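> please find the sequence and the predicted model below.
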Amino acid sequence: SPEAWPAYVHETRRYLFRRFRFDSCLRHQRIDPALADSSADTMLCDWEFQFRLASHTEDSMHDRRKLVVLVKYSLLLIALGAISGCAQPAPPEPELRMPRAIVDLSPTITRDMPTRALGRALGEKISAGFGISPATSFEVHVEEEPFYRSMSVYRIFNHVGPHYDPPNHMIEGRMAVDATPLDRFFGRARLFDFRSKPPGEPLLRSDFDGTGIEPGEIVIVFVGYEAPADPEALPAYPYLSGDAAEYLAGIPVMAFACDMPSLGSISRSRALIEEGKAGSEIIFSEHYAFASRDIPGIEGLVNLESLVGEEEIVFVGFPLKFEDGDGGPMRAAALVY
């Protein structure tokens, strides 16, 4: 500061006087030794101080000028970069990619749907075993005055046709339909065509191992199920073994969907019950493998033949949101790209 400058000059002169001897002043300035008295000493040292002070001041000013210029250019570059960034147009949003086809994987719900999907024999066994009727009923109410309107009450069985088996279907207290996140029912899918397998033969781990199933994919199994024509026969189809279900759940897949009326063999589960076996993990091991990991099992799909040969499929099917539901009828579809 200006107030401190005299003190700075005084202390600097004292420092220079102590540091530089008079003879060095003589050598550097080539002054006659005869002039070497106290006044000459003071004069020469004062000249040396003024020289060095001027040089130091000049260098400092030069450095300061360079620093100021550098800062100005830096600020200019930053400003230009900001302006350039603001001036750039925003990247275009990706276009909505529409599928080539939307395949309906759900049959029409009709009054005879349980019999049409399961056969009469299984419907009777369900009624006898649970004391309920799986029959579907439509109670339609129509009014024509003062205007026309139609409303209905539907009674449906929640485990026939396309439906979701939530964990609480097989394990008490586990996640219900209304608590299942919707992202479990939407995703890239892979179709496996097992129509060549005979009814009653299990799908094994080896049928899926080495096929490149990736975590998060939805596996769709097509066995070509048809309801039994014989009113006394139980449904028969290639079914998912417990070992294969454990393998898929361990990948883990996002969901398992199929055209089977049940993931496992209905005849096999009945045989285990008759043998005195107990526990969902034993009688319905294929269901348990998925339910214990909160992986959706989806049964009763139709029209899967339309997906054979397609390589880019997205499955979507959302179950009805019943409170504490232990089964969720759904409208399922496949987006084909």
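Arrived safely, thanks for sending.
> can you tell me what sits against stretch 95-111?
Stretch 95-111 has contacts (Cβ atoms under 8 Å, 6 or more residues apart in numbering) with 113, 116-117, 135-138, 154, 156, 161-162, 301-304, 306-307, 314, 317, 329-337. Every residue, glycine included, has its C-beta placed from N, CA and C.
> how does it look with 6 Å?
Stretch 95-111 is contacted from outside by 136, 162, 301-303, 306, 331-337, using Cβ atoms under 6 Å, 6 or more residues apart in numbering.
> tell me where the stretch 151-300 of the chain has helices.
Using DSSP state H, counting those that start in this stretch, the helices of the stretch 151-300 of the chain run over residues 242-250, 266-274, 280-283, 285-291.
> out of these, which one sits most buried?
Comparing the helices of the stretch 151-300 of the chain on average neighbours per residue, with mean count of other Cβ atoms under 10 Å, the densest one is helix 285-291 at a mean of 24.
> by contact count, what packs against that one?
Judged by 3 or more Cβ pairs under 6 Å, 6 or more residues apart in numbering; DSSP states H and E, the packing partners of helix 285-291 are helix 242-250.
> in this structure, which helix or strand is least confident?
Counting by mean pLDDT, DSSP states H and E, the weakest-scoring helix or strand in the chain turns out to be helix 22-29, with a mean of 50.
> these two touch, right, residue 151 and residue 141?
Yes: contact status for residue 151 versus residue 141: in contact at 5.0 Å, counting by Cβ atoms under 6 Å.
> quick check: residue 213 vs residue 232, distance?
38 Å (Cβ to Cβ, to the nearest Å).
> okay, the two: which has more neighbours?
residue 213 (17 against 9; other Cβ atoms under 10 Å).
> report the contact partners of the more buried one.
When contacts are counted by Cβ under 6 Å, 6+ apart, residue 213 touches residue 251.
> how does it look with 7 Å?
The neighbours of residue 213, taking Cβ atoms under 7 Å, 6 or more residues apart in numbering as the test, are 190, 219, 251, 253.
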